[in-house]
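In: Sharing a sequence plus its predicted fold:
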Amino acid sequence: MPEIILQHFYNRDPAIVARELLGKLLVRIIDGIRLSGYIVETEAYYGPEDPASRARRGGDLARTMRGAVGYTLIYGIHRQWLLNIVAHPPECYGAVLIRAIEPLEGIEYMMRYRGRYNIHELTNGPGRLTRALRIDKSLHRKPVFKSESLLRIEKGIDVDVKDIAVSYRIGVSKDLDRPLRFYIRGNKFVSKK
DNA sequence: AGGAAGATCTACT
DNA sequence: GTAGATCTTCCTA
């Protein structure tokens, strides 16, 4: 039986959650088919004090980032959907962006749907993985800690601390002074070295 | 009602 | 390496 990750896992600092999400299994059920992949790259985002955070702009995204943890936060940019998980201590803002996964189940389905047949180009980027897993705005604000969710996070593999690499975030024009991107060193499915 | 910004991806040179 | 595609969201008037 697959083991779901419980809600309290997300009730911590987003950087901690981002690091510990590495190796977890992202599972998507679509048309009764199970698609999945190990999370191999994440980024942590904070509240309005974070120049790269969507919380800065207010509105629904900011409210969601301060709302219940363990829920999806999905927003569009440049015609793609980006998947985040709300994660923060009580009364704070925070979310973790899922940037890349290593495909495990349903690889053929993902290839057909995305029209890409090179496995290394299937899910190595935040916009790419949402397309491969058919994730869109209809999955916004849904719990990933329930075993019946169509998009959820399950226990995956243990990642050794020494295999975790850290860098500054990618694609942001103004970053914080501390590196908030986490990825599995040497993994072939990470979006960038 | 309009405008601007943006946590990207792809194709082409 | 870089330009351009093309969409959602929020802010201002």
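Out: Good, I have the coordinates.
In: which residues of chain A fall in strands?
Out: Along chain A, the stretches classed as strands by DSSP state E are A:25-30, A:33-45, A:72-77, A:80-86, A:95-105, A:151-154, A:164-167, A:181-184.
In: show me the contacts for the residue lying closest to residue A:91 once chain neighbours are set aside.
Out: Excluding its sequence neighbours, the residue lying closest to residue A:91 (CB to CB, 6 or more residues apart in numbering) is residue A:66, at 7.7 Å. For glycine as for every other residue, the C-beta is placed from the backbone atoms N, C-alpha and C. Residues counted as contacts of residue A:66 (CB atoms under 8 Å, 6 or more residues apart in numbering) are A:47, A:55, A:88, A:91, A:92, A:93.
In: Spell out which parts of chain A neighbour DNA strand B.
Out: A:43, A:45, A:52-54, A:65, A:73, A:76-80, A:82, A:84, A:95, A:97, A:114, A:116, A:121, A:125-128, A:169-173, A:191 (CB under 7 Å from any atom of the strand).
In: give me that answer again for 6 Å
Out: With CB under 6 Å from any atom of the strand as the criterion, chain A meets DNA strand B at residues A:45, A:52-54, A:76-78, A:80, A:82, A:84, A:95, A:97, A:125-128, A:170-173, A:191.
In: Of the residues you listed, just the buried ones, ChimeraX syntax please.
Out: Buried residues within these, by 16 or more other CB atoms under 10 Å, are selected in ChimeraX with:
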select /A:45,52,53,54,82,84,95,97,125,126,127,128,172,191
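In: For chain A, give the residue positioned nearest to DNA strand B.
Out: residue A:171 (2.1 Å; CB to the nearest atom of the strand).
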